[in-house]
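[1] Give me a model of this one.
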Amino acid sequence: MICRVFELAWRAGAVALVQKLRDKKLRARLYAAVNGLRVNPYPPGCKKMQGHPEYRIRVGDYRVIYGVDGKRLVVEIVKIGNRRDVYR
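    Below is the predicted model:
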């Protein structure tokens, strides 16, 4: 069986938000969730966003919004934020 591993590409805003988080456990959970996208970009619970090509996964009260390029094997982390702010 061939295992495809995707490359991660972060937008600057997503990196900045994660680095600003004071809660180290939450930061670790977010990084773990994002790293899991390298092996499976469509994990259980991911949802395609309506009207957009991106997907989202939940990590507690935070959401990770990302796009998948299956041809180049790249997962681009578009935005990470609290669920009340991330969709604006």
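[2] centroid residue for the protein?
    Centroid-nearest residue in the chain, with CA atoms, centre = their mean: residue 64, separated by 3.8 Å.
[3] The helix or strand containing that one - what's its average pLDDT?
    For residue 64, the host element (DSSP states H and E) is strand 62-69. Over the span of strand 62-69, the pLDDT mean works out to 97.
[4] how about that strand: buried residues?
    Counting neighbours by 16 or more other CB atoms under 10 Å, one finds that the buried residues in strand 62-69 are 62, 63, 64, 65, 66, 67, 68. Every residue, glycine included, has its C-beta placed from N, CA and C.
[5] Relative to it, what are the paired strands and their orientations?
    strand 55-59 (antiparallel), strand 74-82 (antiparallel) (DSSP bridges).
[6] closest to residue 12 out of those strands?
    Evaluated over those, closeness to residue 12 peaks at strand 74-82, with 10.4 Å, by CB to CB.
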